[in-house]
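Colleague: Whatever this is, show me its structure:
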Amino acid sequence: QVQLVESGGGVVQAGGSLRLSCAASGLTFSIYAMGWFRQAQGKEREFVAAISWSGRTTYNADSADSVKGRFTISRDNAKTTVDLQMNSLKPEDTAVYYCAADRGYPPLPPTYAMKYWGKGTPVLVSS
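Modeller: Sure, this is the predicted structure:
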């Protein structure tokens, strides 16, 4: 049974940092692309970042709340974890953050369909 378990969410002041982590089990982690998504209250789920099995990365640079340059995704295939380092956080980054896994890379808009999903970890950025 595949499990993706996120951790590291919490409350942080604007301008601060958080590091989210996702622990994966039940799958051959090294051949899966991993992604982070977020969903703010009342909004649709949004792609944040993804990393291929080999370490190529892509970020959502299109939105007004672009994370490119502020967030960094990384993975450790030996530990079967994928992290999201979030710096210079803004109140607009407040959301539930989800980890996801899929064989395909990069995740394709508009649905960004991923095969496996975690249950999410909440991030609240206070102003």
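Colleague: pLDDT on stretch 11-18, on average?
Modeller: Averaging pLDDT along stretch 11-18 yields 98.
Colleague: Over to stretch 45-56?
Modeller: In this model, stretch 45-56 has an average pLDDT of 94.
Colleague: go on, stretch 87-104?
Modeller: Regarding stretch 87-104, the rounded mean pLDDT is 96.
Colleague: got the buried residues for it?
Modeller: Within stretch 87-104, the residues that count as buried by 16 or more other CB atoms under 10 Å are 89, 93, 94, 95, 96, 97, 98, 99, 100, 101, 102. Backbone N, C-alpha and C define where each C-beta goes, glycine included.
Colleague: Could you do stretch 35-47 as well?
Modeller: Neighbour counts over stretch 35-47 (16+ other CB under 10 Å) mark 35, 36, 37, 38, 45, 46, 47 as buried.
Colleague: Need the distance between the two termini of that stretch.
Modeller: Its start and end residues considered, stretch 35-47 measures 8 Å (CA to CA, to the nearest Å).
Colleague: just how off-centre is it within its chain?
Modeller: How far stretch 35-47 lies from its chain's middle: 10 Å, per CA atoms, centre = their mean, to the nearest Å.
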